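> Got a sequence here, can you model it:
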Amino acid sequence: MLVRVTPMVASKLVVTSKLVVPVGMLILMLILLAMPSGGVERVRVSGSTTVMPLAELCAEEFNFMCREYMVTVTAGGSGVGIIDAAEGRADIAMSSREIKPSERALYERPDRKFREILVGYDAIIIVVSPQIYSSGVSGLTSTEVKRIYAGEIRNWKSVGGPDKEIMVVGRKAGSGTRDTFNEIIMGSAAAETPGVSIEAMDSSEVKTAIVGSDRAIGYLGYSYVRAGGVVPIALDGVHPTMDNIRSGNYTLARKLYFYTFGEPTAGAKAFIDFVLGPEGRRIAEMNGFIPP
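Numbering: from 1, shown residues only. Down below sits the predicted model:
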């Protein structure tokens, strides 16, 4: 059979003596041939946007190395992940807080309970716009932060900054980061924060809002600060260093968790073991997370 191929088409096709095979199809065929005959079991991970970068990085390496399981990671907040795990939509929940008694009461039964796995340490970091930091606001007390989020302090000049109205960035309900911040700073996970100007879905949205303003304050996970672009400040005179977070000296230090509902599936256990093992610890340390 005569096959006429233009130079442009030739760059996209593999030509044999009998057929013309698109490169994309050839790659797919090779992947399918490499897969185990029984297929690949999917492991679904859902939840905290703070834990998500660690889970995604580990999943990428795990999926490359493992032929039996394929891990997929989706965000939505700690509460969403816990519900997804309990209702069978996820094999592993990512959470930046401990599971609530109300969540246990809603789903647990004598023969099936949530199982908690500590996967790392983190901290909620208070950050401000670079212009605010440069003006002299390099630290705040917990009381000052509380009063800002309560709407009692509305201008930066009240805390030694410029005469500018404070743009306060918070997190939407369902966020484990929000719950922990409210519990430690505001006094209750259910506390109101009437000073908040913008409610962000996740830490990346908080970061975008802070970078895009010259008068903002917000809070986000440690790994997002390590990536650069925002300026962390001291809280109660303590800087959010790795040592201060691990030791608990930093007020907003916290633990990061995986949860399974009942015994983990074989795939979930394999991924959890990977995250807690040498490769997972290496990935965590290289990307701003603090392994257990």
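
> And the strands in the protein, which stretches?
With strands called from DSSP state E, the chain shows them at 13-15, 20-22, 41-47, 69-75, 92-95, 114-128, 139-140, 167-171, 198-200, 216-221, 231-232, 234-235, 253-261.

> Report the buried residues of the longest one.
Neighbour-count burial for strand 114-128, counted by 16 or more other C-beta atoms under 10 Å, picks out 114, 117, 119, 120, 121, 122, 123, 124, 125, 126, 127, 128. C-beta coordinates here come from the backbone N, C-alpha and C atoms, glycine included.

> give me every residue that touches the closest residue to the first one other than its chain neighbours.
Read it as residue 114. Closest residue in space to residue 114, ignoring its immediate chain neighbours: residue 259 at 5.2 Å, by C-beta to C-beta, 6 or more residues apart in numbering. Residues near residue 259 by C-beta atoms under 8 Å, 6 or more residues apart in numbering: 81, 82, 85, 92, 93, 95, 99, 114, 115, 116, 117.

> Can you tell me which of those residues lies closest to residue 138?
residue 95 (31.5 Å; C-beta to C-beta).

> which one is that closest one nearest to, not counting chain neighbours?
Closest to residue 95 by C-beta to C-beta, 6+ apart is residue 78, at 4.1 Å.

> Confirm for me that that neighbour is in contact with residue 52.
No. Residue 78 is beyond contact range of residue 52, at 10.5 Å (criterion: C-beta atoms under 8 Å).

> Same drill for those two, tell me which one is more crowded.
residue 78 (32 against 25; other C-beta atoms under 10 Å).

> Next, the contact list for the more buried one, please.
Contacts of residue 78 by C-beta under 8 Å, 6+ apart are 47, 48, 93, 94, 95, 96, 97, 174, 175, 176, 179.

> Redo those as JSON lines? Include pLDDT, neighbour count and distance to residue 189.
Formatted as JSON lines, these follow (pLDDT from 0 to 100; neighbours: other C-beta atoms under 10 Å; distance: C-beta to C-beta, whole Å):
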{"residue": "47", "pLDDT": "97", "neighbour count": "31", "distance to residue 189": "17"}
{"residue": "48", "pLDDT": "93", "neighbour count": "31", "distance to residue 189": "15"}
{"residue": "93", "pLDDT": "98", "neighbour count": "31", "distance to residue 189": "18"}
{"residue": "94", "pLDDT": "98", "neighbour count": "32", "distance to residue 189": "18"}
{"residue": "95", "pLDDT": "96", "neighbour count": "30", "distance to residue 189": "13"}
{"residue": "96", "pLDDT": "90", "neighbour count": "28", "distance to residue 189": "12"}
{"residue": "97", "pLDDT": "91", "neighbour count": "22", "distance to residue 189": "8"}
{"residue": "174", "pLDDT": "84", "neighbour count": "15", "distance to residue 189": "12"}
{"residue": "175", "pLDDT": "88", "neighbour count": "27", "distance to residue 189": "11"}
{"residue": "176", "pLDDT": "86", "neighbour count": "32", "distance to residue 189": "10"}
{"residue": "179", "pLDDT": "91", "neighbour count": "24", "distance to residue 189": "4"}
